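Peer 1: A structural model of the following input is requested.
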Amino acid sequence: MALRIEETIILASQSPSRRMLLEQAGVDMEVLVSGADETVPQDFTPAQTVECLAERKARAIEPQSGGRPIIGADSVVSIDGVIIGKPENDEAARATLRRLSGRTHKLYTGVCLLARGQRQVFHQVTEVTFYPLTEGEIAEYVAMRESTGRAGGYGIEGVGVMLVREIKGDYPNIVGLPVAETLRRLRDMLK
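Peer 2: Next comes the predicted model:
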């Protein structure tokens, strides 16, 4: 069984991290940004949230896909059962990092695959434990601008790796996409 997917796929995400992960896996792709509404009911769990948003993104670009396979994805960070969004400014980023400091949080990524009239929606969870962070470390990290536009206010594929003490689960999931599970499922759909 081939490891590579030979078809050009559509990535319904503007995330450079997701694109990088798929490129590393040798996937030929085109990026189409959905512009889909990202509001969900407040009582949704993190898993329901990421699955709903991943499917919404994939469905939004389906008319433009030309029948090519589509990957839609969305990620959130959760701690104490509460979703931590993307910080809106530097102060929010510092507050988020203080909350994550010395604690374990969960990173949820939802994925929606659309191919050949089939649909699969799933999510993966990875636990991330941070080192205790000083105010100086938090301020220095936020000043590096890696918090901008990032679920949980950090990016593990950059300097943010220095914040992380331990990971339980799939590393690429933290970056933005559980690549192996995504591509294996998609490959099976394309048979």
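Peer 1: what phi and what psi does the backbone show at the spatially closest residue to Val142 that is not a sequence neighbour?
Peer 2: Spatial nearest neighbour of Val142, chain neighbours left out: Ala93 (4.7 Å); criterion: C-beta to C-beta, 6 or more residues apart in numbering. Every residue, glycine included, has its C-beta placed from N, CA and C. In terms of degrees, to the nearest 10, the main-chain angles of Ala93 are phi -60, psi -40.
Peer 1: Now for Ala93: which residues touch it?
Peer 2: Shown in contact with Ala93 (C-beta atoms under 8 Å, 6 or more residues apart in numbering): Pro87, Val142, Ser147, Thr148, Gly153.
Peer 1: Now the buried members of the residues you listed.
Peer 2: Listed as buried from the contacts of Ala93 are Pro87, Val142, Ser147, Gly153; burial here means 16 or more other C-beta atoms under 10 Å.
Peer 1: Check pLDDT for those residues and point me to the minimum.
Peer 2: When these are compared on pLDDT, Ser147 comes out lowest, with 88.
Peer 1: All the helices of this protein, residue numbers only.
Peer 2: Assigned by DSSP state H, the chain shows helices spanning 16-24, 46-61, 90-100, 135-143, 171-175, 179-189.
Peer 1: picking up where we left off before, same list (the contacts of Ala93) but as JSON lines, adding distance to Glu181.
Peer 2: Formatted as JSON lines, the contacts of Ala93 follow (distance: C-beta to C-beta, whole Å):
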{"residue": "Pro87", "distance to Glu181": "28"}
{"residue": "Val142", "distance to Glu181": "32"}
{"residue": "Ser147", "distance to Glu181": "27"}
{"residue": "Thr148", "distance to Glu181": "28"}
{"residue": "Gly153", "distance to Glu181": "25"}
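Peer 1: ok, so of these, who is nearest Leu97?
Peer 2: Nearest to Leu97 among the contacts of Ala93: Gly153, at 5.6 Å, using C-beta to C-beta.
Peer 1: thinking that closest one is in contact with Ile84, fair?
Peer 2: Yes. Taking C-beta atoms under 8 Å as the definition, Gly153 is a contact partner of Ile84 at 7.5 Å.
Peer 1: joint contacts of these two?
Peer 2: Thr96, Leu100.
Peer 1: Endpoints of stretch 142-161, how far apart?
Peer 2: 14 Å (C-alpha to C-alpha, to the nearest Å).
Peer 1: Under the pLDDT cut-off, which ranges of this structure? List them.
Peer 2: 1-2 (pLDDT under 70).
Peer 1: The same query, at a cut-off of 90, please.
Peer 2: Applying pLDDT under 90 to the chain flags the ranges 1-6, 14-15, 34-39, 42, 81, 85-86, 146-151, 157-158, 191.
Peer 1: center of it - which residue?
Peer 2: Centroid check for the chain by C-alpha atoms, centre = their mean gives Gly176 as the closest residue, at 3.0 Å.
Peer 1: Which one, of the helices of the chain, ends up nearest to Arg68?
Peer 2: When those are compared (using C-beta to C-beta), the closest one is helix 46-61, at 10.1 Å.
Peer 1: Sounds good, over and out.
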